[in-house]
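Colleague: Sequence plus the predicted model coming up.
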Amino acid sequence: MGKYSIGIDFGTLSARAVVVDIANGEVLAVSEMKYSHGVMSELFLNNEKLPKNFALQHPQDYLDTMRFVVKDAIRSAKIRGEEIVGVGVDFTASTIMPVTEDGTPLCFLKKFKNRPHSYVKLWKHHAAQKEADEINVLAKNMNESWLNRYGGSISSEWMFPKIYQILKEDEEIYEYTGRFIEAADWIIWQLTGEETHSVCTAGFKAMWSKKEGYPRRMFFRRLDGRLEHIIGDKVSEHIIGMDKPAGRISKKGSELLGIKEGTPVAPAIIDAHAALPSVGVVEPGSLLIIIGTSSCHILLGEREVVIPGISGVVKDGIMEGYYAYEAGQACIGDCFHWFIKNCVPYSYMAEADKNKENIHTILRKKAEKVSPGSNGLLALDWWNGNRTPYGNADLKGIIYGLTINTKPEEIYRALIEATAYGTRQIIELYETNGVPVKQIFAAGGIAEKDPLLLQIYADVTGREIRTAGTAQTCAHGSAIFGAVSERGYNSLAEAAKTMAKTKNTVYKPNMKNFLLYTKLYEAYKELSCYFVDRLNE
């Protein structure tokens, strides 16, 4: 009988599961299922219009998709459920929900099913920017030391701005809530019957650290008296490390997944972070860029450094013994999707249909023929605001240089280039603050299928880029965490040494293009500063 682990990856629009052989890291089967309710960003379940910048989900979708993809993957792998010896789970973050003390989502209760604030707030719910601003201003005024770990400001995407918004806009929901919890940790609760919160989710999205814990009670009291006792009362202080199981599959979890009761389950981890062991990033100096709906730039370091503008640094946040640094861009795939949905003419769509090709493939082919700098376009990639270095969801995207002769593929390329400039800015931010970037790996849905984007990233940054060996990097990484929980390996580094997968393909920079892009990058930074300064005024 073989030994296999399951990795379950909850993305923005769907969930997927992989069955992985823990002896060599090979993926035996993959299953994916979309959430039936998708993302509620414009209309609520009852077709009422939602406020601006809302992004809600239904937690029942998580249970339904998980049940299907795990059982389907096991069936496709032609193995038995009892051969699964470890489970790992990753999730988008900060994706939070209000639940009762026994873990029941408030939106499951008849009393609250028509109240938007009782549902899951997805990571890209940006309607709590005002609350994030209030938290940031107060933290600066009170000289809160924890703010430095998050680059000087926290994001509207994180846990406490979203909770604060619920308190202000639907206090009854707030008062009824037994726990506010990351969806990642909630899934672990459903599988094991034990409520736990991982170092990864608490450290990166809820201002927690091993040294200081959460922000002081005094801080929450000054923010709003009703929040004074939130820590302990509504946000758990039971935080567990990433080096030991969160629990074991309960009877309920066994029925849900079709695997044996007692199987170890790894602590919850943020989706992008789960990918590190999948590509073998288990020591300082290797930057992993997860490129999908948004992007995360994750790096391990040996010491804690204050870096302005990053998303956070957490001791033991991914791997024991190292500081995990995160920066990111709020809009990559979302930006390209916006362009396809709103700016591509019928003739291009007809060409795609005729050739039986994806519209992105058509645009890529055309954009490849556009030389760097030849179209006169410069864009700011802020369609979902900016994550790093400005941390402001109110910033807006810009395309500069349009004329009546501008073609769709030129705009498409300019948008790709803008995201590449944002990535170069993040790399420079790390390095100028003493955290070196020695090599770069790229993973995620877009990295898997867009060679043009990766070549542009190599040209803009002037660095070689290596790619993941599996399309399901996050799920694969979660399966590696699951394998460690099974104690088949003594550490994540040991497991990754055997189970990691990368491709032989290396995207090497064209140095002529690098020099051209460097001039455009300087213009990108100037344009960025101009609009940030105007907003601050």
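Modeller: Done, it's in. These figures come from a predicted structure and were not determined experimentally.

Colleague: Tell me the spacing between Tyr390 and Gly422.
Modeller: Going from Tyr390 to Gly422 by CB to CB, to the nearest Å gives 11 Å. The C-beta positions use only the backbone N, C-alpha and C, and glycine is treated the same way.

Colleague: what about this protein, any weak spots by pLDDT?
Modeller: 1, 486-487, 536-537 (pLDDT under 70).

Colleague: Tell me the secondary structure at Thr505.
Modeller: Classification of Thr505 using DSSP: H, G, I helix; E, B strand; the rest coil returns strand.

Colleague: related to what we said a few turns ago, between Tyr390 and Gly422, who's got more neighbours?
Modeller: Using other CB atoms under 10 Å, the more surrounded residue of Tyr390 and Gly422 is Gly422, with 28 against 20.

Colleague: And that one, how far from Lys365?
Modeller: For Gly422 relative to Lys365 (CB to CB), the value is 24 Å.

Colleague: Show me the helices in the stretch 101-250 of the chain, by range?
Modeller: Ranges of helices in the stretch 101-250 of the chain, per DSSP state H, counting those that start in this stretch, are 129-141, 159-169, 171-176, 183-192, 199-205, 217-223, 230-233.

Colleague: residues of the last one that come out buried?
Modeller: If I follow you right, that is helix 230-233. By 16 or more other CB atoms under 10 Å, the buried positions in helix 230-233 come out as Ile230, Ile231.

Colleague: cool, the longest one as well?
Modeller: Neighbour-count burial for helix 129-141, with 16+ other CB under 10 Å as criterion, is recorded at Gln129, Glu131, Ala132, Asp133, Glu134, Ile135, Asn136, Leu138, Ala139.

Colleague: Remind me what that helix packs against, helices and strands.
Modeller: Judged by 3 or more CB pairs under 8 Å, 6 or more residues apart in numbering; DSSP states H and E, helix 129-141 is in contact with helix 159-169, helix 217-223.

Colleague: quick one: contacts of that helix?
Modeller: The contact list for helix 129-141 (CB atoms under 8 Å, 6 or more residues apart in numbering) reads 53, 144, 146-147, 153-156, 158, 160-162, 164-165, 168, 215, 219, 222-223, 385, 392-394.

Colleague: hmm, back to that, quick one, which of the helices of the stretch 101-250 of the chain is nearest to Ser278?
Modeller: Taking CB to CB, helix 199-205 is the member of these nearest to Ser278, at 15.4 Å.

Colleague: Against which helices or strands is that closest one packed?
Modeller: Counting contacts by 3+ CB pairs under 8 Å, 6+ apart, helix 199-205 packs against strand 239-240, strand 269-270, strand 312-315, strand 323-329.

Colleague: follow-up on the earlier one: hey, which of the helices of the stretch 101-250 of the chain is tucked in deepest?
Modeller: Highest mean neighbour count of these: helix 199-205, a mean of 28 (counted as mean count of other CB atoms under 10 Å).

Colleague: Work out the gap between it and the centre of the chain.
Modeller: 12 Å (CA atoms, centre = their mean, to the nearest Å).

Colleague: follow-up on the earlier one: select, out of the helices and strands packed on helix 129-141, the one closest to Asp459.
Modeller: Proximity to Asp459, assessed across these by CB to CB, is greatest for helix 159-169 (36.7 Å).

Colleague: and Ala127, how many neighbours?
Modeller: Ala127: 21 surrounding residues under other CB under 10 Å.
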